[in-house]
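Participant: Have a look at this prediction, sequence included:
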Amino acid sequence: MFKVIQRSVGPASLSLLTFKVYAAPKKDSPPKNSVKVDELSLYSVPEGQSKYVEEARSQLEESISQLRHYCEPYTTWCQETYSQTKPKMQNLVQWGLDSYDYLQNAPPGFFPRLGVIGFAGLIGLLLARGSKIKKLVYPPGFMGLAASLYYPQQAIVFAQVSGERLYDWGLRGYIVIEDLWKENFQKPGNVKNSSGTK
């Protein structure tokens, strides 16, 4: 037998009065048997063994599968290209933002120097009339000369690094030309036979 203790609160006039209520089951009620979950009709388990059967693919599913299989190399190439290009693009965007901040807070005298350097490039372009090689050499050369007047320390460092790179490229080109010369233009009489005679 269970006894339930409950506190009740009366109407507003008896709001401060609390009392206990005892409840007990009826003595003449028959004992109830509990029902298991499996016995409920809602949760009835079908009899027999169930087996998973895969449905046959429709024509649309087959077409989509073939399309995905055909496009897979291209999508992997695009993903690889994107993963390789993304850091470079982020660096480029960051460089642009840094340049914008620098131009917003430029040191005094920066814009007049920039104007002189740009004007030197235009003079080089005007003097390079007629030849394509001159158009490639004169404007950057005049701009570099004007920039070296305003920024001599950076010009010295740039000249040293550029000189080293040019020397390295020249040496590599010399080695490549020498190898090609030996392979293609050696006289057949100078090459020894396998027997050791000329």
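Facilitator: All right, it came through fine. Numbering: from 1, shown residues only.

Participant: quick check, distance from stretch 84-97 to the centre of its chain.
Facilitator: How far stretch 84-97 lies from its chain's middle: 10 Å, per CA atoms, centre = their mean, to the nearest Å.

Participant: before we move on, what SS does residue 50 have?
Facilitator: For residue 50, the assignment made with DSSP: H, G, I helix; E, B strand; the rest coil gives coil.

Participant: likewise the one 3 residues further on?
Facilitator: Here residue 53 is recorded as coil under three-state DSSP.

Participant: neighbours around it, how many?
Facilitator: Each residue near residue 53 was counted by other CB atoms under 10 Å, and the total is 6. (C-beta placed from N, C-alpha, C; glycine too.)

Participant: now swap in residue 59 and tell me
Facilitator: As a burial measure, residue 59 scores 7 neighbours (other CB under 10 Å).

Participant: Just the pLDDT for it.
Facilitator: At residue 59 the predicted local distance difference test score is 89.

Participant: Roughly how far does it sit from residue 67?
Facilitator: As judged by CB to CB, to the nearest Å, residue 59 and residue 67 stand 13 Å apart.

Participant: go on, residue 106?
Facilitator: Relative to residue 67, residue 106 is positioned 54 Å away (criterion: CB to CB).

Participant: Ok, residue 127 next?
Facilitator: In terms of CB to CB, residue 127 sits 59 Å off from residue 67.

Participant: for residue 126, same thing?
Facilitator: Per CB to CB, residue 126 is found 58 Å from residue 67.

Participant: again, but for residue 172
Facilitator: 47 Å.

Participant: Residue 89 too?
Facilitator: For residue 89, the distance to residue 67 under the criterion CB to CB works out to 30 Å.

Participant: low-confidence ranges in the protein?
Facilitator: Counting by pLDDT under 70, the chain shows low-confidence ranges at 1-32, 37-48, 187-198.

Participant: In it, mark out all the strands, start to finish.
Facilitator: Taking DSSP state E as the criterion, the chain contains strands spanning 4-9, 18-23.

Participant: re earlier: comparing residue 127 and residue 67, which residue is more hemmed in?
Facilitator: For the pair residue 127 and residue 67, the greater number of neighbours falls to residue 127 (13 against 10), based on other CB under 10 Å.

Participant: which residues of this protein fall in helices?
Facilitator: Assignment of helices within the chain using DSSP state H yields the ranges 59-104, 110-127, 132-150, 152-184.

Participant: Dump these to a markdown table, plus distance to residue 33.
Facilitator: Rendered in a markdown table, the data for those read as follows (distance: least, CB to CB, whole Å):
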| stretch | distance to residue 33 |
| --- | --- |
| helix 59-104 | 52 |
| helix 110-127 | 95 |
| helix 132-150 | 99 |
| helix 152-184 | 95 |
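
Participant: Noted, bye for now.
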